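Colleague: quick one, what's the 3D model for this:
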Amino acid sequence: MRNGRHLKAARTLAGMTQRQLAQAAGLHPNAVKYWERQQERIGGHAVDKMLEALAAVGVTAGEEQAGGRSVAVLRG
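Modeller: Numbers count the residues shown, from 1 in each chain. Model prediction:
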């Protein structure tokens, strides 16, 4: 995943609060807050769980190559 802003955008597209995403992913709400503040590339077990929870409500977040650059993509 690109960064915390990308995660926040996906959560917003899903119409979820941080607390709702945390609950759906089986995480503490502070985990969502933490990851959404990260400016560098994010990943790992907690992020994977959040992406799975978002996918369960029809929102996918990923990256694609466009013009030789990697760009963030949200679908929902």
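Colleague: specify the beta-bridge partners of V73.
Modeller: G62 (DSSP bridges).
Colleague: next, count neighbours for it.
Modeller: V73 has 13 neighbouring residues, counting by other Cβ atoms under 10 Å. Backbone N, C-alpha and C define where each C-beta goes, glycine included.
Colleague: looks like it contacts L13 (just checking).
Modeller: No: using Cβ atoms under 8 Å, V73 is not in contact with L13; the gap is 11.5 Å.
Colleague: top helix in this structure by residue count?
Modeller: helix 45-56 (DSSP state H).
Colleague: list the buried ones in that one?
Modeller: A46, V47, K49, M50, L51, A53, L54 (16 or more other Cβ atoms under 10 Å).
Colleague: need the contact list for the second one.
Modeller: Pointing back at V47 there. By Cβ atoms under 8 Å, 6 or more residues apart in numbering, the contact list for V47 reads M1, L7, W35.
Colleague: for this protein, which spans come out with low pLDDT?
Modeller: By pLDDT under 70, the low-scoring segments of the chain are 71-72.
Colleague: if we can go back for a sec, any chance of the buried residues of helix 45-56 in JSON lines, plus distance to T60?
Modeller: Below are these laid out as JSON lines (distance: Cβ to Cβ, whole Å):
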{"residue": "A46", "distance to T60": "18"}
{"residue": "V47", "distance to T60": "14"}
{"residue": "K49", "distance to T60": "15"}
{"residue": "M50", "distance to T60": "12"}
{"residue": "L51", "distance to T60": "8"}
{"residue": "A53", "distance to T60": "12"}
{"residue": "L54", "distance to T60": "7"}
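Colleague: tell me which of these is nearest to G67?
Modeller: Distances from G67 to these, taken as Cβ to Cβ, are shortest for L51 (25.1 Å).
Colleague: which residues touch the closest residue to the closest one other than its chain neighbours?
Modeller: Excluding the flanking residues, the one nearest L51 by Cβ to Cβ, 6 or more residues apart in numbering is A61, at 6.3 Å. Counting by Cβ under 8 Å, 6+ apart, A61 touches M1, H6, L7, A9, A10, L51, L54, A72, V73, L74, R75.
Colleague: need phi/psi at A22.
Modeller: Note on A22: its backbone torsions stand at phi -60, psi -50 [degrees, to the nearest 10].
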